[in-house]
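Undergrad: Dropping the sequence and predicted coords here.
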Amino acid sequence: MQSSGWLQLALFVIALAVITKPMGLYLLQVLDVNGKTWFDPVLRPLERITYRVMGVDPAKEHDWKQYTLAMLLFSLVSCLFTYAILRLQQVLPLNPQGLGPLSQHLAFNTAVSFTTNTNWQSYVGETTMSYLSQMVALASHNFESAATGIAIAAAFVRAIARHSAKTIGNFWVDLVRTTYFLLLPICVVFALFLVSQGMIQNFKAYTTAKLTEPYTIQVQKTDDKGQPVTTNVVVMVQAPKLDAQGKPEMTNGLAVMMDVPQLDGKGQPVMTNIAVMVDQKVETQGRH
Amino acid sequence: MLGTNGGGYANANAAHPFENPTPLSNFIQMLSIFAIGSGLTYYLGRMVKNQKHGWTVWATMMALFLAGTLLCWWAEAKGNPIHHQLGLAVADGNMEGKEVRFGIFNSALFATVTTDASCGAVNSMHDSFTALGGFVPLFNIQLGEIIIGGVGAGLYGMLVFVVLAVFIAGLMVGRTPEYLGKRIESYEVKMAMLALLILAIDILGFAAWASVSKWGLDGLNNNGPHGLSEILYAFSSGTGNNGSAFAGLTANTPWYNTMLGICMLIGRFLMIVPIMAMAGALVKKKIAPPSVGTFPVSGGTFFILLIGTVLLVGALNFLPVLTLGPVVEHFLNFQGKLY
């Protein structure tokens, strides 16, 4: 447990304590339907359009049953949406690697996982998910499931703060406002920061890297039909070497051994098929 | 990260240089995991017009966080006892399964942060942690991820414990339990207990089933207590909507995928429903003005009471199974047995 570790831990706790109040004050504005933020000029119109498209009246609040039902309904729809993309990724665009569809159980597991803010991953991202699946089917849940969690917490806090009331806020308003005013702006800044630190993403097929030190491996020789080329050779066995009198030759009390062809019952040499090997130079590495 | 989702693009997740290129990105990623959850405690204080209450909840979370980090860091820095006996121990401690770029401290801190919150991004292999080092992330999840917690989920989870703590305090002093001027009655406590029981049954039930069935045991790469930890971690992670994995468990099988999927659904939505029902009951109540007899929900007494409630509930639920997993493994390590 070195001092650099203690220093980092202290730095971490202090940094967290410092951002807690501004974050809390900002949340206060985001989770209030009439709250004001810096992003109002840009995002307010977008927010209004979203309500109109969804047919939501932002002024109308829900009681706990309506709120919970809206949350469950939204989760169900977004979960089915992800399931569909994962099962159909082979016919959808942005799949330069030509990755196939996920199995039913894996698609179910993954869709549920991302809907519930779990992100349990039973798959290997690089070799399973197309770019479209990663960005649309999965990344959208990183916003939606987080916003859902924040909405529930906000509703619960309202329930404690209010008295002699019935309603605890509007789920759709909480969802939309959290996504637009909280998660989107921070994520844009954060993503730019990570890019500045060297994080990458692109739409290209995976690249093949050229090795700086090529090496040689032995591979089976194949004919033009792709079949391995084989050759017939005599199977050899070890037998004692005999001298002119038919006695085993000895050195230091040990019989000298030599390779002789193995013979079958009729005295014929036993033959076998083995693959012909050739040298192949390896200069590049990578999938495809 | 920010939304405590934790899903990685690449399999190695945040240990992959493309996902976590520099020490600064590592630090900011950890901070962003906690940022919103931490801000929500301040939001709570503002909304209920009792900022001290918000900070007390925050302090409780931080105390549990520090305890977890220190235990995990200490266990990892001490390393594997068998390596010490053989004279093979490296000065750094247990570096197996860790990214050399981050080392012991940042791996332990990341593991604690990611399981305190329900993030589940990882920058090291939790499976390769020492027995006690791995105990910390596991127990963090089983406490219900209320230490800062998943965005939103951490706060409403913690508030369930707050209601329980107030109720227990009320029973101890023989007064009607009150939370911020609202009387806590049997309905609220029933709903709080329902949420906690669902958590425990979901984790323990599925893990127990997996431990005695062929589909569960087929996926294991390690046997003995470490294997039990792997199964337990998978279902804890699923139920707690964490999503980090102990690894060492081959979980991409029809059974595991389906079971973990169901487990995640229960852990998320069946937890939310009783909590929302509690919210529905609370919002209707009148607020009584505070009197001398009102139990304060801020300050040292409440802080200790809340920590006590969290640890007591967590320990009562999960200590038996943890004893069979990481704890017994820890002691067997000293006798030279590895799993």
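TA: Alright, I've got the coordinates.
Undergrad: all strands of the stretch 101-250 of chain A, in order?
TA: A:209-220, A:230-234, A:236-240, A:250-251 (DSSP state E, counting those that start in this stretch).
Undergrad: A:Val195: which of these is closest?
TA: Closest to A:Val195 of the strands of the stretch 101-250 of chain A is strand A:209-220 (CB to CB; 21.9 Å). Quick note: C-beta positions are derived from backbone N, CA and C, even for glycine.
Undergrad: So for A:Ser140, what's the nearest residue that isn't a sequence neighbour?
TA: Spatially, and ignoring its direct neighbours in sequence, A:Ser140 is nearest to A:Ser78 (7.4 Å; CB to CB, 6 or more residues apart in numbering or on different chains).
Undergrad: Let me know whether that neighbour touches A:His141 as I believe.
TA: Yes - here A:Ser78 reaches A:His141: they are 6.7 Å apart, a contact under CB atoms under 8 Å.
Undergrad: Next, count neighbours for A:Asp58.
TA: Slight slip there: residue A:58 is Pro, not Asp. Residues lying near A:Pro58 (other CB atoms under 10 Å in any protein chain shown) number 16.
Undergrad: Next, it: secondary structure please.
TA: Following DSSP: H, G, I helix; E, B strand; the rest coil, the label given to A:Pro58 is coil.
Undergrad: where in the stretch 201-339 of chain B is pLDDT low?
TA: B:215-216, B:218-224, B:238-252, B:292-293, B:334-339 (pLDDT under 70).
Undergrad: Would you point out which residue of it is nearest chain A?
TA: In the stretch 201-339 of chain B, the residue that lies nearest chain A is B:Gly280 (3.1 Å; CB to the nearest CB).
Undergrad: To which secondary structure element is B:Glu230 assigned?
TA: Using DSSP states H and E, B:Glu230 sits in helix B:224-239.
Undergrad: Now do that helix: which elements does it pack against?
TA: helix B:131-142, helix B:186-212, helix B:254-265, helix B:300-322, helix B:328-334 (3 or more CB pairs under 8 Å, 6 or more residues apart in numbering or on different chains; DSSP states H and E).
Undergrad: same thing but at 6 Å, please
TA: helix B:131-142, helix B:186-212, helix B:254-265, helix B:328-334 (3 or more CB pairs under 6 Å, 6 or more residues apart in numbering or on different chains; DSSP states H and E).
Undergrad: Deepest in the core, which of those helices is it.
TA: Mean neighbour counts were taken over these using mean count of other CB atoms under 10 Å in any protein chain shown, and the top value, a mean of 25, falls to helix B:131-142.
Undergrad: now that one: mean pLDDT?
TA: Here helix B:131-142 scores 71 as its mean pLDDT.
Undergrad: And for whatever helix or strand comes next after it, what's in contact with it?
TA: Per DSSP H and E, the first helix or strand lying C-terminal to helix B:131-142 is helix B:153-173. Helix B:153-173 is contacted by residues A:149, A:152-153, A:156, B:37, B:40, B:118, B:144, B:146, B:148-149, B:177, B:179, B:184, B:188-189, B:192, B:195, B:275, B:295, B:305-306, B:309-310 when judged by CB atoms under 6 Å, 6 or more residues apart in numbering or on different chains.
Undergrad: in helix B:153-173, what counts as buried?
TA: Within helix B:153-173, the residues that count as buried by 16 or more other CB atoms under 10 Å in any protein chain shown are B:153-167, B:169-170.
Undergrad: can you dump the C-alpha coordinates of it into CSV?
TA: Taking Å, rounded to 0.1, in the frame of the first residue of the first chain, the C-alpha atoms of helix B:153-173 are listed here in CSV:
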residue,chain,number,x,y,z
ALA,B,153,-31.0,2.8,-8.4
GLY,B,154,-28.4,3.5,-5.7
LEU,B,155,-30.4,6.3,-4.2
TYR,B,156,-33.7,4.5,-4.2
GLY,B,157,-32.0,1.4,-2.8
MET,B,158,-30.4,3.4,-0.1
LEU,B,159,-33.7,5.1,0.8
VAL,B,160,-35.1,1.6,1.4
PHE,B,161,-32.4,1.2,4.0
VAL,B,162,-33.1,4.6,5.4
VAL,B,163,-36.7,3.7,5.9
LEU,B,164,-35.7,0.5,7.6
ALA,B,165,-33.1,2.3,9.8
VAL,B,166,-35.7,4.8,10.9
PHE,B,167,-38.1,1.9,11.7
ILE,B,168,-35.6,0.0,13.7
ALA,B,169,-34.6,3.2,15.6
GLY,B,170,-38.3,3.8,16.3
LEU,B,171,-38.7,0.2,17.7
MET,B,172,-35.6,0.6,19.9
VAL,B,173,-36.7,3.8,21.6
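Undergrad: just to revisit the earlier point, to chain B, which of the strands of the stretch 101-250 of chain A lies closest?
TA: Nearest to chain B among these is strand A:209-220; the distance by CB to the nearest CB comes to 14.1 Å.
Undergrad: Give me the mean pLDDT for the closest one.
TA: For strand A:209-220, mean pLDDT is 72.
Undergrad: and the gap between the closest residue to A:Lys65 other than its chain neighbours and A:Thr68?
TA: For A:Lys65, ignoring the flanking residues on the chain, the nearest one in space by CB to CB, 6+ apart is B:Gly280 at 7.0 Å. Going from B:Gly280 to A:Thr68 by CB to CB, to the nearest Å gives 9 Å.
Undergrad: How about B:Val166?
TA: B:Val166 is 24 Å from A:Thr68, where distance means CB to CB.
Undergrad: One more: B:Leu316?
TA: Using CB to CB, one gets 29 Å for the distance from B:Leu316 to A:Thr68.
Undergrad: Comparing those two, which residue is more hemmed in?
TA: Taking neighbours as other CB under 10 Å, B:Leu316 and A:Thr68 compare with A:Thr68 leading, 23 against 10.
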